[in-house]
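Undergrad: heads up, no residue letters with this:
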C-alpha cells in the first residue's frame with residue numbers, strides 16, 4: 001500500500017506540478033490512513049469498504065481533530081482512490097460517493113450544571129492565583145465569551161454599574177453581554193485584591209494576568225480550564241469552548257429565546273445558534289409532554 005502511495009505522490013509532483021508542501025500534506029494524510037487500515041488487518045486498498053472509511057473518519061474525530069482537518073483527510077483519500085481507479089488499480093471506488101464531513105452535524109460537547117458547579121468551585125482559598133482563576137471561570141461561564149475574548153478583555157470593557165462586559169469578537173465585532181451577581185462578586189474581588197499583585201507597577205490594561213504580569217494567551221487559558229476540569233473530576237473532554245457551549249445550552253434549557261442567545265454569543269447566523277436545540281433533548285421532551293394533546 002505504501003508503494004502505491006509513493007507512486008501517487010510522484011504523480012502529483014511530476015505530472016500535476018503540485019508543490020512540495022502539498023505533496024507532504026498528502027503524504028501525511030495517507031500515511032495516517034494506511035496505519036489505520038493496517039491496524040484493522042487490511043493489506044490492500046481493494047479490501048477497503050465504506051464502513052472502514054467511516055470508522056477512520058470517526059477515529060480521527062475521537063482524536064480531537066476539527067471538522068476541517070477531518071474533511072481534508074477525506075479529500076486526500078478520495079483523490080488517491082480516484083487516481084487508483086484511473087490506473088485500474090482499484091476494483092471499486094468506495095470513497096467517491098462519501099459526503100464531506102463539513103456537512104456533518106457536529107454537536108458541541110456540553111457539561112451538566114453539576115459539572116460546571118464543581119469546576120467553578122475548584123479554585124479554593126484566598127491565594128491570588130485561586131482568586132484570579134475563580135473570577136476567570138465564573139466570567140467565562142456567565143457570559144459565554146470565547147477564549148480569545150477572555151484573553152483580550154480590558155479593564156475598560158467591564159461595566160459593573162450596568163452589569164455587562166464589552167466583548168470584541170471575530171471580525172472585530174463588538175457586542176455587549178450581561179453577567180450575574182456571582183461573576184460580578186468574583187471579578188470585583190480579583191480586581192481589588194489579586195490583580196494588583198500580578199500587575200505590580202506595569203501599566204497593563206488586560207484584566208487577566210499571569211504571574212509575570214502579562215496578559216494570558218489563549219493556550220494559557222486553555223490549560224487552566226483543562227486543569228480545573230480534571231481537579232473537579234469532570235471526565236469528559238473540557239476546553240474553554242465547552243464552557244461557552246454549556247452557557248448557551250443552559251440558557252436554552254431555562255427558556256431563553258434563541259435570538260437572545262445568538263446575540264450574546266455573537267453569532268452572525270441564527271443557524272449557528274440552532275445547533276443547541278439539538279443538544280437540549282431534555283427540553284424538547286418536556287415541551288412535547290406539556291403541549292402535545294396525546295403526550
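TA: Perfect, I can see it now. The shown structure was predicted, so the numbers you read here are calculated from the model rather than taken from an experiment.

Undergrad: Tell me how many other residues crowd residue 53.
TA: By other C-beta atoms under 10 Å, the residues close to residue 53 number 21. Placement of C-beta: from N, CA and C, glycine included.

Undergrad: Distance check, it against residue 122.
TA: 41 Å (C-beta to C-beta, to the nearest Å).

Undergrad: Identify the residue spatially nearest to residue 270, adjacent ones excluded.
TA: Leaving aside its chain neighbours, residue 270 sits nearest to residue 262 (5.4 Å; criterion: C-beta to C-beta, 6 or more residues apart in numbering).

Undergrad: Residue 163 touches residue 182, doesn't it?
TA: No: counting by C-beta atoms under 8 Å, residue 163 stays clear of residue 182, with 11.7 Å between them.

Undergrad: what does stretch 69-89 contact?
TA: 4-5, 8, 11, 25-26, 29-30, 32-33, 45, 53, 56-57, 60-61, 65, 90, 93-96, 98, 100-102 (C-beta atoms under 8 Å, 6 or more residues apart in numbering).

Undergrad: Show me which positions of that stretch end up buried.
TA: By neighbour count on 16 or more other C-beta atoms under 10 Å, the buried set for stretch 69-89 is 70-74, 76-81, 83-84.

Undergrad: Please report how far the residue minimising distance to the centre of the chain lies from residue 178.
TA: A centroid search over the chain (C-alpha atoms, centre = their mean) returns residue 241, at 5.1 Å, as the residue closest to the centre. Taking C-beta to C-beta as the criterion, residue 241 is separated from residue 178 by 20 Å.

Undergrad: same check, this time on residue 242
TA: Taken as C-beta to C-beta, the span from residue 242 to residue 178 is 21 Å.

Undergrad: quick revisit: out of the buried residues of stretch 69-89, which are inside helices?
TA: Judged by DSSP state H, helices contain the following of the buried residues of stretch 69-89: 70-74, 76-81, 83-84.

Undergrad: Going by distance to residue 253, which of these wins?
TA: residue 70 (29.1 Å; C-beta to C-beta).

Undergrad: Where does the nearest residue to residue 139 once chain neighbours are set aside sit: helix, strand or coil?
TA: Distances taken as C-beta to C-beta, 6+ apart put residue 183 closest to residue 139, at 5.0 Å, once the chain neighbours are dropped. At residue 183 the chain is in helix, as set by DSSP: H, G, I helix; E, B strand; the rest coil.

Undergrad: Now the element after the particular helix or strand that has the residue nearest to residue 270 in it, going C-ward?
TA: Using DSSP states H and E, residue 262 falls within helix 258-265. Counting by DSSP H and E, the next helix or strand C-terminal to helix 258-265 is helix 270-273.

Undergrad: List the buried residues for that next one?
TA: Buried residues in helix 270-273 (16+ other C-beta under 10 Å): residue 273.

Undergrad: OK, contacts around residue 149?
TA: So residue 149 contacts 167, 168, 169 (C-beta under 8 Å, 6+ apart).

Undergrad: part of a helix, is it?
TA: Yes: applying three-state DSSP, one finds residue 149 inside a helix.
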